[in-house]
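any chance you can model this:
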Amino acid sequence: MSSTIPVAPAVHEHEWGLRGVEFEDGASVRVFECTGCEQVWFR
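Next up is the predicted model:
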């Protein structure tokens, strides 16, 4: 019986950036997110 050890996510300094997202219906939002991972601080 073999088991796998879960991999911990890499720790890094977040580099936050503001990105605009536009939708097909004309609506738009701004997302404040890390540019190095998928973490979003404000949407």
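
wait, V29 sits on V21?
Yes. Contact criterion CB atoms under 8 Å: V29 and V21 qualify, at 5.3 Å. Bear in mind the C-beta positions are built from the backbone N, C-alpha and C, glycine included.

other residues contacting stretch 13-21?
Residues outside stretch 13-21 that contact it (CB atoms under 8 Å, 6 or more residues apart in numbering): 28-37, 39, 41.

what about D25, how many residues close to it?
By other CB atoms under 10 Å, 6 other residues sit near D25.

how close does the residue positioned nearest the centre of the chain get to S3?
What sits nearest the mean C-alpha location of the chain, by CA atoms, centre = their mean, is E38, with 1.9 Å. Taking CB to CB, to the nearest Å as the measure, E38 falls 27 Å from S3.

same check on V29?
Going from V29 to S3 by CB to CB gives 42 Å.

those two: which is more packed in?
Taking other CB under 10 Å, V29 and S3 do not tie; V29 has more neighbours (10 against 5).
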